[in-house]
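Enquirer: When you get a sec, could you give me coordinates for this:
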Amino acid sequence: VRFRKREPPRRILVATAGGPHAALAVELAISQARQYREESGEEPVVTLFYVLPGEADPVAEAFVKRTLSDIVRRYDDPALRWKVARASDVVTGILREAEEHNLVMVGASAERLFEQRLFGSIPETIARECTKTVIMTKRYWPLKSRLSRLLEGLGRAG
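Expert: Predicted coordinates for the structure are as follows:
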């Protein structure tokens, strides 16, 4: 969690590219919205947000819209919406959209550790540059986590 200005979660942005940790971000955002609705009586909005490259073709755009629409239907929560925008790069698109929200949630990167250290990751860049509070979610998979720790340990030993 990267805290910024404390604000009630009236408008929650869930930036997604469909990675393995995105579902947890959606579930947590919906939970936050429900709690806020119960406590305040106000209707919060949770926006599933996807950034398309500027040159993406209409077939790709239709696929993304259909996928997001299916996700919204599956969760069946009145707060949940979806939005697709085009941007020159993913981080710029998310940061621009984040300005209209109180809280940003993003699934942790599924990139390998070496790639993350070499290039950084989109979620980490968003957390660092966003002016809103950012929550990065990551599911815990025991076998994968143990294997990752083992491989990291071997990498340091060599």
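
Enquirer: CA atoms for contacts and neighbours, from now on please.
Expert: Noted.

Enquirer: Would you check how far apart residue 1 and residue 56 are?
Expert: Using Cα to Cα, to the nearest Å, residue 1 is found at 32 Å from residue 56.

Enquirer: Sorry, wrong one. I was asking about residue 24.
Expert: Counting by Cα to Cα - residue 24 and residue 56 are separated by 27 Å.

Enquirer: Who has more neighbours out of these two?
Expert: residue 24 (18 against 10; other Cα atoms under 10 Å).

Enquirer: which of the residues in stretch 65-74 are buried?
Expert: Across stretch 65-74, burial judged by 16 or more other Cα atoms under 10 Å covers 65, 68-69, 71-72.

Enquirer: how about the helices in the protein?
Expert: 22-40, 58-75, 90-98, 113-119, 122-129, 142-157 (DSSP state H).

Enquirer: Could you list every helix and strand in contact with the longest one?
Expert: Pointing back at helix 22-40 there. strand 11-15, strand 45-53, strand 103-107, strand 133-137 (3 or more Cα pairs under 8 Å, 6 or more residues apart in numbering; DSSP states H and E).

Enquirer: neighbouring contacts of that helix?
Expert: By Cα atoms under 8 Å, 6 or more residues apart in numbering, the residues outside helix 22-40 that reach it are 8-10, 12, 14, 16, 42-46, 48, 77, 79-80, 105-108, 136-139.

Enquirer: what comes up buried for that helix?
Expert: 22-26, 28-30, 32-34, 36-37.

Enquirer: could you measure residue 46 against residue 94, distance?
Expert: Counting by Cα to Cα, the gap from residue 46 to residue 94 is 14 Å.

Enquirer: now do residue 44
Expert: 19 Å.

Enquirer: And residue 47, by the same measure?
Expert: 12 Å.

Enquirer: what's near enough to touch the residue lying closest to residue 122 once chain neighbours are set aside?
Expert: Closest residue to residue 122 apart from its sequence neighbours, by Cα to Cα, 6 or more residues apart in numbering: residue 91 at 6.5 Å. Residues counted as contacts of residue 91 (Cα under 8 Å, 6+ apart) are 122, 125-126.

Enquirer: And residue 62, by the same measure?
Expert: Counting by Cα under 8 Å, 6+ apart, residue 62 has no contacts.

Enquirer: now residue 15
Expert: Contacts of residue 15 (Cα under 8 Å, 6+ apart): 48-50, 94, 104-107.

Enquirer: Report the central residue of this structure.
Expert: Nearest to the mean C-alpha position of the chain, counting by Cα atoms, centre = their mean, stands residue 106 at 2.1 Å.
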